[in-house]
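[1] Pasting the sequence and the predicted model now:
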Amino acid sequence: MNKIIEKAEQTNLLDKNEIISLLKIDNENLFKAADRVRKKYKGDFVHLRGLIEFTNICRCNCFYCGLRKDNSNLERYRLTEDEILICTQRAVNAGYKTVVLQGGEDLFFTPDKICRIIRKIKKYDIAVTLSIGERSFEEYKAFRDAGADRYLLRIETTDENLYKSLHPGMSLENRKNCLYNLKKLGYETGSGCIVGLPNQTVESLADDILFFKNLDADMVGIGPFIPHPNTPLASHLNDNFDLALKVNAVLRLLMPDINIPATTAMETLRPDGRIIALNSGSNVVMPNMTDLKYRAKYEIYPGKICINDSPDKCISCIKSKLNKIGRTVSNSKGFRHDKI
Ligand code: SAM
Ligand code: SF4
Ligand code: FES
């Protein structure tokens, strides 16, 4: 096993079988190697991206997600443009160089509205990341022309049958095409997958990793699956932390210079889950900038961290956690190809 880890560290290349064997076995050396590669390519800087969860209204029905259209137990909200700008100002005041506008697929936010918001945010001279799901090439182009820098769209799973079973009315092909379009338009393109979905295999997780490499994704977020009680997958209780951490580490070995967030879902499953991920390949954290009154309503999965903590508390909390592990908040916008 150590031979495969060594090969990955030196060449950044593994075939599918080698990836599968790393995912099947527990070996501390995998995390240590991922940490070395992270340090070599990305340094000790951690990029903070201020997350603004601006709408929990969604037209989709993804089986795993608490925001799915058919969850009638959720009180829905949308931030006004002014509220989005207040969150942005808060992020800027705290020294953030990026905000991430994330939400359900809410068509109330027409291309014109999104473009207007992007233009207003860009006046602060920060990077803008969008994470608002599947849109047409023309819409992605309009957002890009308005100044959007990055886009996050997880593939969720590359297993065709699994994808179909979890996403009514959606298709893996269209999801892939969206990612290709984003790349074509020059976005820093983020993707990712959920780890531990019912009927997901390690073979398909290996395919996911190879898909990200093939796409040349600029950022990849790995989220352990956490079942939500008001979804069809409510009964699939499982602890997917360890497997998600292995996927995170293998990803760093194979894609040494990309941005890899330590995801909120990791910290939801373990008290210091993001720190563990930062020591196993990750170099990005996305603290929540959303107002307290909305936080609990963006309930993708239960037990989400920080729903009672103010944005200011999260900022100081993250900074002190980073200090303890000898990492520093970066002052740059944190593009993949920035020099460290
Ligand atoms: N609607 C946009 C989309 O789907 O791309 C962005 C918002 S969506 C809430 C963000 C991510 O949440 C999804 O890409 C998915 O991976 C993750 N997610 C949703 N439900 C989850 C669950 N139960 N466990 C872990 N991650 C989940
Ligand atoms: Fe909507 Fe995204 Fe949740 Fe799917 S994952 S239901 S698209 S918010
Ligand atoms: Fe929110 Fe620690 S990140 S309180």
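    Received, thanks. Ligands and ions are numbered 1, 2, ... in the order given.
[2] and Leu182, which of the three is it?
    helix (DSSP: H, G, I helix; E, B strand; the rest coil).
[3] An error on my part: the question was meant for Lys313.
    Lys313 carries the three-state label helix when classified by three-state DSSP.
[4] Can you list phi and psi of the closest residue to it other than its chain neighbours for me?
    Residue nearest to Lys313 in three dimensions, not counting chain neighbours: Cys306, with 7.9 Å by Cβ to Cβ, 6 or more residues apart in numbering. (Glycine included, C-beta is placed from N, CA and C.) Cys306 has phi and psi values of phi 70, psi 20 when expressed as degrees, to the nearest 10.
[5] Quick one, grab the pLDDT at Cys306.
    Looking at Cys306, its pLDDT reads 90.
[6] residues touching Leu67, list them.
    Residues near Leu67 by Cβ atoms under 8 Å, 6 or more residues apart in numbering: Asn56, Ile57, Cys58, Leu74, Gly104, Tyr298, Glu299, Ile300.
[7] Which one of the residues you listed is nearest to Asn259?
    For the contacts of Leu67, the closest approach to Asn259 (Cβ to Cβ) belongs to Ile300, at 20.9 Å.
[8] need the residues of the protein near ligand 3, please.
    By Cβ under 6 Å from any ligand atom, the part of the chain that sits against ligand 3 consists of Pro287, Cys306, Asp309, Lys313, Cys314, Cys317, Ile318.
[9] now the residue nearest in space to the middle of the chain: how far from Asn331?
    In the chain, the residue lying closest to the centroid (Cα atoms, centre = their mean) is Gly221, at 3.8 Å. Plainly put, Gly221 is 22 Å away from Asn331 if you go by Cβ to Cβ, to the nearest Å.
[10] Do me a favour and get the end-to-end distance for stretch 8-22?
    End-to-end span of stretch 8-22 (Cα to Cα, to the nearest Å): 10 Å.
[11] before we move on, the earlier item: tell me if I am right that the residue nearest to the centre of the chain is in a helix.
    No: Gly221: not assigned to a helix; according to three-state DSSP it is strand.
[12] Now do the SS call for Leu237.
    Per three-state DSSP, Leu237 ends up coil.
[13] Wait, it touches Phe225, no?
    No: the pair Leu237 / Phe225 is not scored as a contact, 10.2 Å apart, by Cβ atoms under 8 Å.
[14] quick one: which of these two has more around it?
    Taking neighbours as other Cβ atoms under 10 Å, Leu237 and Phe225 compare with Phe225 leading, 24 against 8.
[15] so how far is ligand 2 from the more buried one?
    Here Phe225 is placed at a distance of 12 Å from ligand 2 (Cβ to the nearest ligand atom, to the nearest Å).
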